[in-house]
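# Pasting a predicted model and its sequence here:
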Amino acid sequence: MKKIMLLLAALAVTGAAQAADSDDPAQGYIANLCTLVTQDKAADSADGYITKLKALHMRGQSPSAQEKPDFDEDEARTVVAAWMNLSEDQKKQASQNMEACQSATLDEYQSQD
């Protein structure tokens, strides 16, 4: 079980890093949020998600990295708000599948603009 969790975390960090390379921090926050959701580490509140996203963001940074991107709390809150705006059915489906989670959250995030 621990190996699976570590593998999922590594995949999330890799996905977040690739998303961050696209110059859109929201993509990384969505990837990390969906990692939390699909691992049953869902929080009850927006603040709970923000706390978990911050922790995941910090763990994903290499101590030797020359450029360490800051955690953009405003952007993370916008992503969390998009997740929270999803219907219960959408959340249930999204919690079962990483791609479905990212797609639904991104769609809602983009509709907030």
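Structure received.
# Settle this for me: residue 52 is touching residue 36, isn't it.
Yes: using Cβ atoms under 8 Å, residue 52 makes contact with residue 36 at a distance of 5.4 Å. Every residue, glycine included, has its C-beta placed from N, CA and C.
# between these two, which one's more packed in?
Remark: of residue 52 and residue 36, residue 36 carries more neighbours, 21 against 18, as counted by other Cβ atoms under 10 Å.
# pLDDT score assigned to that one?
pLDDT for residue 36: 91.
# That one sits in which helix or strand?
Assigned by DSSP states H and E, residue 36 belongs to helix 25-38.
# Whatever helix or strand comes next after that helix packs against which elements?
Counting by DSSP H and E, the next helix or strand C-terminal to helix 25-38 is helix 46-59. Applying 3 or more Cβ pairs under 8 Å, 6 or more residues apart in numbering; DSSP states H and E, one finds that helix 46-59 contacts helix 2-21, helix 25-38, helix 73-85.
# tilt between helix 46-59 and helix 73-85?
Here the directions of helix 46-59 and helix 73-85 differ by 130 degrees (axes from the mean of the first three to the mean of the last three Cα atoms, to 10 degrees).
# Quick check: mean pLDDT of helix 46-59?
Helix 46-59 comes out at a mean pLDDT of 90.
# mind listing what's buried in it?
Within helix 46-59, the residues that count as buried by 16 or more other Cβ atoms under 10 Å are 49, 50, 52, 53, 56, 57.
# wait, doesn't the fourth one sit right on residue 37?
No: with contact defined as Cβ under 8 Å, residue 53 and residue 37 do not form a contacting pair (11.1 Å).
# just for the protein, where's the confidence low?
Counting by pLDDT under 70, the chain shows low-confidence ranges at 1-23, 41-43, 61-68, 113.
# what residues are up against the closest residue to residue 38 other than its chain neighbours?
Nearest residue to residue 38 in three dimensions, chain neighbours excluded: residue 98, at 5.3 Å (Cβ to Cβ, 6 or more residues apart in numbering). Residue 98 is in contact with 34, 35, 38, counting by Cβ atoms under 8 Å, 6 or more residues apart in numbering.
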